[in-house]
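Asks: any chance you can model this:
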Amino acid sequence: MWHAAITGVVAVAAVPAAASGVQEQPSSTAAGSDAFYTYNGSKPLSSYSPGDVLKVRTLPYHVLGIATPLQATQLLYRTTDAQGHPSAGVTSVLRSPGGDGRKVVSYQSFYDSLDPEDGPSRAVAGNVKLPGGLIANGESTLLAPLLLSGYDVVLPDTEGEAAHLAASREYGYNTLDSLRAASSAESRTGISPGARVGLMGYSGGAVATNWAASLAPTYAPDVNKRLVGYAEGGVLVKPSHILRYIEGSQVWSGLIPELLIGQARSYDFDLKKYLNDYGKQLVDEHQHSSIADALGHYPGLTWKKMAKPEYANPNSVPELVEAVNRSNLGLAPTPTVPGYIGQGNAGFLEGTTSNIAGIGSGDGITVAGDTRALARKYCAEGDAAVWYQQYDVLSHLTAPTATVPTALTWLRARFAGKEAPSSCGSIAEGNSLAADETFPAG
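Replies: Take a look at the predicted model:
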């Protein structure tokens, strides 16, 4: 697999850089001390519009720390965080040797980490931080086929500058403004302002993909009119259901502390005041951890084991309830472009066997009933085709063997102008995606 990825990337020729009026930065690759990621301009960040380019640099694209002949253009740009505040984001633009700057796939990584050093831009620059950095490096196996097929790739750090894990809305803003930045810096990136765009991602990358498609009509109508569609698998729809679904599981329960930290960090509330000593210990241990640090750790972990007795029911924590409601895709707008949504449903293969009423089964971390409900919502409220596929014999870690090839084929057909398929008449009923209450359940 790694040999194929490196061979594919090496086969992609470099594209010369043109002059640009934005601030040029040196191609430093030192992890943890890279000034490129910090906005230090004289004007307030709020004075820039979303998508404005703040810095630019060109450097070799790296795979597992090995430089390839492919050149990557990285942009620091103005975007918006989960609370609506101005923030800075970084994206990497990779040019295809057969591309013309008018066909772009925005690929959203599933790096899922509380450490900014695990982001895809760091991997592109040569950082191989273990273990979290391996994910973004490994995704080169997915990028090479796109580049070799004539698609330019835009690769945003979807979690933003502070690694706001699971801050779903922010994922969408970062993705959309990344595309704005790539086009506005056409002289450096080669991406045309009129380029057609397809969105693609799995797991955490699917969260960014879906939120970008949902927010585009209102937040970035200039980008929305260029979208050909979104293709995703393993999307996290309703965070409160996710947290209950993985509780007590053998593999995915280790992610509970990280998801909670991400919500608290993104929406700026003190999580520790609701936790017992054990919960505080876990939170302290995972401030900079990634999904690679969590899987298989703390089997059987539940919220109740982490919380003070008076907060044994998470619905008794209004700040947490508000945060997960803001991250609920079921409460977000319906996309206006067609979509492909793949979902596994064999979570028992990964040790998640819960089947709670109103939640049901899933792929180990994401809930199939939530994803079906989302697809049915889009069918009922939108005019664009939705193609939902459920894989009852695949789990979260195995479903990409089916969803990724399907997503690539689906996107190629959209760029070719073919009519998008629909399964709207055959999607089974799902769960309620309504907002959670801010008081203890009965």
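Asks: give me the distance between the residue nearest to residue 50 when sequence neighbours are not counted and residue 261.
Replies: Residue nearest to residue 50 in three dimensions, not counting chain neighbours: residue 177, with 4.8 Å by CB to CB, 6 or more residues apart in numbering. All C-beta atoms are positioned from the backbone trio N, CA, C, and that covers glycine. Residue 177 is 24 Å from residue 261, where distance means CB to CB, to the nearest Å.
Asks: of the two, which one has the most company?
Replies: residue 177 (27 against 23; other CB atoms under 10 Å).
Asks: quick one: the more buried one and residue 75 touch, right?
Replies: No - Residue 177 lies out of contact with residue 75 (CB atoms under 8 Å); the separation is 10.0 Å.
Asks: wait, is residue 143 part of a helix?
Replies: Yes - assigned with DSSP: H, G, I helix; E, B strand; the rest coil, residue 143 falls within a helix.
Asks: all further residue positions should be reported with the first residue as 794.
Replies: Taking 794 as the first residue, the last one we looked at is residue 936.
Asks: tell me the contacts of it?
Replies: 802, 887, 900, 946, 948 (CB atoms under 8 Å, 6 or more residues apart in numbering).
Asks: tell me what the third one is bridged to.
Replies: The bridge-partner assignment for residue 900, based on DSSP bridges, gives residue 993.
Asks: that one: neighbour count?
Replies: Every residue meeting other CB under 10 Å relative to residue 900 is counted, giving 26.
Asks: residue 1189 too?
Replies: 24.
Asks: picking that back up, which one among the contacts of residue 936 gets closest to residue 976?
Replies: residue 946 (13.9 Å; CB to CB).
Asks: can you list the strands that whatever helix or strand that closest one lives in pairs with?
Replies: Using DSSP states H and E, residue 946 maps to strand 945-949. Applying DSSP bridges to the sheet, strand 945-949 is found paired with strand 879-887 (antiparallel), strand 896-901 (parallel).
Asks: do you know which of these lies nearest residue 1220?
Replies: The nearest among the strands paired with strand 945-949, by CB to CB, is strand 896-901 at 23.6 Å.
Asks: close enough to count as contact, residue 989 and residue 894?
Replies: No - between residue 989 and residue 894 there is no contact under CB under 8 Å: 10.7 Å.
Asks: residue contacts, the residue nearest to residue 1207 when sequence neighbours are not counted?
Replies: Computed as CB to CB, 6+ apart, the closest residue to residue 1207 that is not its neighbour in sequence is residue 1021, at 4.0 Å. When contacts are counted by CB under 8 Å, 6+ apart, residue 1021 touches 989, 990, 991, 1130, 1131, 1204, 1207, 1208.
Asks: most surrounded residue in those?
Replies: residue 990 (28 neighbours).
Asks: pretty sure that residue contacts residue 1017?
Replies: No - between residue 990 and residue 1017 there is no contact under CB under 8 Å: 9.5 Å.
Asks: which element is encountered next along the chain beyond the strand holding residue 946?
Replies: helix 961-977.
Asks: may I see the buried residues of the next helix or strand after that next one?
Replies: Scanning forward in sequence from helix 961-977 by DSSP H and E, the next helix or strand is helix 979-982. For helix 979-982, the neighbour count (16 or more other CB atoms under 10 Å) marks 979, 981, 982 as buried.
Asks: and those residues, which is closest to residue 905?
Replies: Nearest member of those to residue 905, counting by CB to CB, is residue 982, at 26.3 Å.
Asks: now do that closest one against residue 973, distance only.
Replies: 12 Å.
Asks: any stretches of the stretch 794-943 of the chain with poor pLDDT?
Replies: 794-826 (pLDDT under 70).
Asks: which stretches of it form helices?
Replies: 795-803, 913-917, 926-931, 933-941 (DSSP state H, counting those that start in this stretch).
Asks: kindly check the end-to-end length of stretch 908-917 for me.
Replies: End-to-end distance of stretch 908-917 (CA to CA, to the nearest Å): 16 Å.
Asks: quick one: it to chain centroid distance?
Replies: 13 Å (CA atoms, centre = their mean, to the nearest Å).
Asks: what does it rub up against?
Replies: So stretch 908-917 is contacted by 824-825, 827, 830, 852, 854-855, 865, 867, 883-885, 902, 904, 906, 920, 922, 925-926, 928-930, 932, 948-950, 952, 954-956, 1081-1083 (CB under 8 Å, 6+ apart).
Asks: narrow those residues to those that are buried.
Replies: Of the contacts of stretch 908-917, these count as buried by 16+ other CB under 10 Å: 827, 830, 852, 854-855, 865, 867, 883-885, 902, 904, 906, 920, 922, 925-926, 928-930, 932, 948-950, 952, 954, 956, 1082-1083.
Asks: strands of the stretch 994-1143 of the chain, residue ranges please.
Replies: 1020-1026, 1132-1137 (DSSP state E, counting those that start in this stretch).
Asks: any idea which of the ones you listed gets closest to residue 1152?
Replies: strand 1132-1137 (14.2 Å).
Asks: pairing partners for the closest one, with directions?
Replies: Assessed with DSSP bridges, strand 1132-1137 is paired to strand 1020-1026 (parallel), strand 1179-1184 (parallel).
Asks: from the chain's centre, how far out does the very next helix or strand once past it sit?
Replies: Downstream of strand 1132-1137, the first helix or strand assigned by DSSP H and E is helix 1161-1174. Offset of helix 1161-1174 from its chain centre (CA atoms, centre = their mean): 19 Å.
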